[in-house]
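Undergrad: Take this sequence and fold it.
(chains A, B, C and D)
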There are 2 protein chains.
Amino acid sequence: MKNKIRQLREALGMTQEQLGKMVGTSRQAINAIETEKNEPSIWLAYDIAQVFNEPIEGVFLFEESERKSRADISRRHAYGSQRD
Amino acid sequence: MKNKIRQLREALGMTQEQLGKMVGTSRQAINAIETEKNEPSIWLAYDIAQVFNEPIEGVFLFEESERKSRADISRRHAYGSQRD
DNA sequence: CTAAAATGTCACGCTAACCTTACAATGCAA
DNA sequence: TTGCATTGTAAGGTTAGCGTGACATTTTAG
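TA: Numbering: from 1, shown residues only, chains lettered A, B, ... in the order given. Below is the predicted model:
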């Protein structure tokens, strides 16, 4: 998913490795998220956002188009109660 | 992790199953998160928060003590550059 | 140009989130 | 109490995030 990590990170003059250490993860994990290869866990997203003093939504962009596909929920409504 | 899902959900008179359908997941997944057995993926957390018109941090409580343990990052600083 | 730092990637392994199916327990209304 | 809706859980399987180690490529400092 798109995010502002690189931009925010460089604004603070930090390396991926430094950021990784600050949030307790590896530089590879930071890199994968930064380059949009992985989506962060909710805690990692939170910790990263905290470093930049931003809410999660201020660092990660939740765009419908970014979704790795799932059933179209826009068409779903709570009108059923078919068994499990 | 602690959250306000139940409270917000019932305020809207919804069942776990209905909420699950609205965010495109199963009622069991909603239940597991509501009862703090699982932590939501970042997208699921976002979708749930959206249903309640709240930011992620407005629905999920990120308390240090809730963390499922990880190395103490408070003591970590970016002073190293030991190889990987 | 050259060495070091930073970044990009890959493979392998582990774990947790989530799905489906199924059943038990609880809550509530008739 | 009976019946149904809701919630709680468990088991098995799939998938993705993340760690570690290793190596290639790119960027930056001298």
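Undergrad: Report the contact partners of residue A:44.
TA: Shown in contact with residue A:44 (CB atoms under 8 Å, 6 or more residues apart in numbering or on different chains): A:23, A:25, A:29, A:33. The way it works is simple: take the backbone N, C-alpha and C, and place the C-beta from them, glycine included.
Undergrad: Which stretches in chain A count as helices?
TA: Taking DSSP state H as the criterion, chain A carries its helices at A:5-11, A:16-22, A:27-34, A:42-51, A:56-59.
Undergrad: coming back round to it: wait, which of the contacts of residue A:44 is closest to residue B:42?
TA: Relative to residue B:42, the closest of the contacts of residue A:44 is residue A:33; by CB to CB it sits at 10.2 Å.
Undergrad: one step back: can the helices of chain A go into CSV with extra columns for mean pLDDT and distance to residue B:55?
TA: Formatted as CSV, the helices of chain A follow (pLDDT from 0 to 100; distance: least, CB to CB, whole Å):
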stretch, mean pLDDT, distance to residue B:55
helix A:5-11, 97, 18
helix A:16-22, 97, 22
helix A:27-34, 98, 20
helix A:42-51, 98, 11
helix A:56-59, 98, 6
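Undergrad: Can you lay out those as TSV showing distance to residue B:7?
TA: Listed next are these as TSV, based on distance: least, CB to CB, whole Å:
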stretch	distance to residue B:7
helix A:5-11	32
helix A:16-22	33
helix A:27-34	31
helix A:42-51	19
helix A:56-59	20
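Undergrad: quick one: contacts of stretch A:6-19?
TA: A:5, A:22, A:27, A:30-31, A:34, A:48, A:51-52, A:54, A:59, B:78, B:81.
Undergrad: Are any of the residues you listed buried, and if so which?
TA: Buried members of the contacts of stretch A:6-19, counted by 16 or more other CB atoms under 10 Å in any protein chain shown: A:5, A:22, A:27, A:30, A:31, A:34, A:48, A:51, A:52, A:59.
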